[in-house]
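Participant: what would the 3D arrangement of this be:
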Amino acid sequence: MTPLPPTNYEIAQVCLLAGKIMLENGGETYRVEDTMTHVAEGFGISNSHSFVTPTGIIFSIDGPEQTTRLIRISERSTDLHKVTVVNAISRRISKGDLTPQEAYRLLSEIDAANTSFPTWVKILAAAVASGCFLIMFKGMWHDFLPAFVTGGAGLTFLGYFNRLVRIKFFAEFLASLFIGALAFLFVYIGFGHDLDTIIIGSVMPLVPGLLITNAVRDLMAGHFVSGVSKGAEAFLTAFAIGAGIAFVLSFYNGEGMV
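Facilitator: Numbers count the residues shown, from 1 in each chain. Below is the predicted model of the structure:
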């Protein structure tokens, strides 16, 4: 028995799920739109349209069975492994290796999978990166351990504040405030020496580097709505980090005394 051809609704479901996974895990706007278009073309749909913003995706298929779908994006993180896997699935679809049902099943498994590193690995990586950034910014080796501890503790408290407050920018402000206070405490008791380099190295894991990069790439690709909104989000994050550190430094003078 010859299988029935896929419906526009099934194809739209696959395209939206692929776009949702990529956008939620750090994919650029133009890459998300390009992947959705290629997936639709792989299933024989050449008249599809997609409009992607950081908070939502609209996908439409023209024709007798016109289909328009909207999906809301409420949470975003960074997991480039999922973006890579979705790209691999889209290439398999373009080659005709997958049906819409098979592609949707694979994408659903990717969406549900927890491929991120354990929390302790993230904290350890942030601590090591903080110490390395301190050296890169011409800090002294005797401040490596204070930056190591402060950077790891800062990321730990960021995760805690995110669960407690549920307001991203306020959580980042509190985390940077904690980093500044802990760095000042280390310098005050003599465990650390150069407050500036300890703070700079410790806040680097909080800096929205991927967000800034995606904002610039979206602007260069002509996606001005997404580029400006991502740039504004990066600016607010940087402002929250700077405000938390500035609040601590306002109680500190050049001699390291309150």
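Participant: buried stuff in the top helix by length along the chain?
Facilitator: As assigned by DSSP state H, the longest helix anywhere in the chain is helix 224-249. Buried residues in helix 224-249, counting neighbours by 16 or more other Cβ atoms under 10 Å, are found at 226-227, 229-231, 233-234, 237-238, 240-241, 244-245, 248. Any C-beta I mention is one placed from the backbone N, CA and C, and that applies to glycine too.
Participant: equivalent analysis for stretch 47-62, please.
Facilitator: For stretch 47-62, by 16+ other Cβ under 10 Å, it's 48, 50, 52, 54, 57, 59-61.
Participant: before we move on, back to that, biggest separation within the buried residues of helix 224-249, which pair?
Facilitator: For the buried residues of helix 224-249, the farthest-apart pair by Cβ to Cβ is Ser226 and Val248; their separation is 34.0 Å.
Participant: quick check: the nearest residue to Glu233 once chain neighbours are set aside vs Thr78, distance?
Facilitator: Nearest-residue entry for Glu233: Leu211, 6.1 Å, with adjacent residues in sequence omitted and distances by Cβ to Cβ, 6 or more residues apart in numbering. Per Cβ to Cβ, to the nearest Å, Leu211 is found 9 Å from Thr78.
Participant: who's more crowded, those two?
Facilitator: Legend: neighbour count by other Cβ atoms under 10 Å for Leu211 and Thr78, higher for Leu211 (20 against 15).
Participant: in terms of pLDDT, where does that one sit?
Facilitator: If you check Leu211, the pLDDT there is 82.
Participant: now the host helix or strand of Leu155: how far from the chain's centre is it?
Facilitator: Secondary structure from DSSP states H and E places Leu155 in helix 144-165. Remark: helix 144-165 is offset 18 Å from the chain centroid, using Cα atoms, centre = their mean, to the nearest Å.
Participant: list the helices and strands it packs on?
Facilitator: helix 119-136, helix 168-189, helix 195-203 (3 or more Cβ pairs under 8 Å, 6 or more residues apart in numbering; DSSP states H and E).
Participant: tell me which of the ones you listed is the most buried.
Facilitator: Highest mean neighbour count among the helices and strands packed on helix 144-165 (mean count of other Cβ atoms under 10 Å): helix 195-203, with a mean of 24.
Participant: so what touches that helix?
Facilitator: Residues from elsewhere that reach helix 195-203, judged by Cβ atoms under 8 Å, 6 or more residues apart in numbering: 130-140, 143, 146-147, 150-151, 154, 176, 179-180, 182-184, 186-187, 192, 241, 245, 252, 256.
Participant: the same query, at a cut-off of 6 Å, please.
Facilitator: For helix 195-203, the surrounding residues in contact (Cβ atoms under 6 Å, 6 or more residues apart in numbering) are 130, 133-134, 137, 139, 143, 146-147, 150-151, 154, 176, 179-180, 183, 187, 192, 241, 245.
Participant: before I go, just wanted to say thanks for your time.
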